[in-house]
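**Student:** Kindly return the folded structure for what I paste below:
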Amino acid sequence: MSSLRGTTRVDTECRETPGDAGRRERISGCPPLLPGADVRGRDSRAWDVTVSDFHTVSGVRAEVSREGPGELRLYLVRQGAWTLRYDQAEFPLHAGRFLVKRSAGLHAFETAARTTARTVGLPLGAIDGPAGGAPITGPATAPEARLLLAHASLLHDTIDDLTDAGVDAARNALIELARGVVHRYVDGDEPALAPALAGAARALADRWLTRAGLTPTVLARELHVSVRTLSRAFAATGEPATAYIRRRRLEEARAALTGGRSVSEVAARWQFADSSHFIRAFRARYGRSPARYARDHQ
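**Tutor:** As a prediction, this is how the structure comes out:
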């Protein structure tokens, strides 16, 4: 698996934002653009999976270099229009539509002015489906596509802060969600989609544990699914979303107690109603009070 991870912002002059060596690297070279083209983009990579966003101010035409067998790629247009030219066919994409196709054979593309789009690149063989045959197209409003886009946005926001284990989880969840798009799973209790949805929700919850008002409703809204769909996905894991949030807050609070913080400070940071509530919850889970635990582990 590729050792690359991180995010890069690029523009039409191919300037890169500074980053730590080995953690940020350009995903692909800038293709030759028409003079005066104005493009802004952002790439994030989680090992062998990439998420790329771009926005064109002017219209763009470009040739694409051909390298190896390519990858399986999802193209999605949020605004404007994007035409992909392959060796044997041309695929126009308009706002609100997506296309899934292998990138091998793509030799040029053209966008209208003020086009906003996203691509998700996956390793060949990661998903059974359109390895080289007919492309798959559909609406960006499909539940599977909306969930994939939400997780891709989270990858952009969190990739530089994730541990390697977190990058693994984010990468695997993205592949599972893309599989849901390819196979057109609709219901969140589909075996192939539910684990990815629960994984994406857990990753988001972990990032927001210190936020007040973190609930399954908030997670569902951020991931663009219904609360019922999210609940079904968590049911498959054997732990409801509310229980997961409570357990993770207690785990983080327990770790914080060994750092010298007071019980009241820890209770407030991890969003327990008050110190008494925190003490009861902690004792019920760990069999002793927070103060006793802190003393025992100093």
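**Student:** Every contact and neighbour count from this point should use C-alpha atoms.
**Tutor:** Fine.
**Student:** mind checking the end-to-end distance for stretch 258-274?
**Tutor:** 20 Å (C-alpha to C-alpha, to the nearest Å).
**Student:** Please list the outside residues in contact with that stretch.
**Tutor:** Applying C-alpha atoms under 8 Å, 6 or more residues apart in numbering, the contact partners of stretch 258-274 are 209-212, 249-250, 252-253, 256-257, 275, 278, 290-291, 294, 297-298.
**Student:** repeat that for 10 Å
**Tutor:** For stretch 258-274, the surrounding residues in contact (C-alpha atoms under 10 Å, 6 or more residues apart in numbering) are 208-214, 246, 248-257, 275-279, 281, 289-291, 293-298.
**Student:** OK, contacts around residue 203?
**Tutor:** Going by C-alpha under 10 Å, 6+ apart, residue 203 touches 151, 154, 158, 166, 169-170, 173, 197.
**Student:** Report the two members of those separated by the largest distance.
**Tutor:** 158 and 197 (17.1 Å; C-alpha to C-alpha).
**Student:** tell me the mean pLDDT over stretch 221-229?
**Tutor:** Throughout stretch 221-229, pLDDT has a mean value of 81.
**Student:** circling back to that earlier point, between residue 158 and residue 197, which one's more packed in?
**Tutor:** Taking other C-alpha atoms under 10 Å, residue 158 and residue 197 do not tie; residue 197 has more neighbours (29 against 18).
**Student:** mind listing the helices in the stretch 101-250 of the chain by residue range?
**Tutor:** Along the stretch 101-250 of the chain, the stretches classed as helices by DSSP state H, counting those that start in this stretch are 143-158, 164-182, 194-207, 216-223, 227-235, 241-257.
**Student:** And residue 105, its phi and psi?
**Tutor:** Residue 105 has phi and psi values of phi 100, psi -10 when expressed as degrees, to the nearest 10.
**Student:** correct me, but it touches residue 85?
**Tutor:** Yes - the criterion here is C-alpha atoms under 10 Å, and residue 105 meets it with residue 85 at 8.4 Å.
**Student:** So what sits opposite the residue lying closest to residue 74 once chain neighbours are set aside in the bridge?
**Tutor:** Of all residues not flanking residue 74 in the chain, residue 100 sits nearest, at 4.4 Å (C-alpha to C-alpha, 6 or more residues apart in numbering). Taking DSSP bridges as the rule, residue 100 bridges to residue 74, residue 136.
**Student:** Compute the number of surrounding residues for residue 100.
**Tutor:** Neighbours of residue 100 using other C-alpha under 10 Å come to 24.
**Student:** Can you check the pLDDT for residue 268?
**Tutor:** Residue 268 carries a pLDDT value of 94.
**Student:** in the helix or strand hosting it, what counts as buried?
**Tutor:** Per DSSP states H and E, residue 268 falls inside helix 263-269. Within helix 263-269, the residues that count as buried by 16 or more other C-alpha atoms under 10 Å are 263, 266-269.
**Student:** Relative to residue 125, which of the residues you listed is nearest.
**Tutor:** Comparing those against residue 125 with C-alpha to C-alpha places residue 269 closest, at 43.7 Å.
**Student:** now the contacts of stretch 258-274: which count as buried?
**Tutor:** Buried members of the contacts of stretch 258-274, scored by 16+ other C-alpha under 10 Å, are 209-210, 248-250, 252-254, 256-257, 275, 278-279, 281, 289-290, 293-294.
**Student:** Can you name the residues that contact residue 210?
**Tutor:** 249, 252, 268-272.
**Student:** That should have said residue 255, apologies.
**Tutor:** Applying C-alpha under 10 Å, 6+ apart, we find residue 255 in contact with 249, 266, 294, 297.
**Student:** which stretch of helix or strand covers the third one?
**Tutor:** According to DSSP H and E, residue 294 maps onto helix 290-296.
**Student:** ok, now how distant is residue 252 from residue 208?
**Tutor:** Plainly put, residue 252 is 12 Å away from residue 208 if you go by C-alpha to C-alpha.
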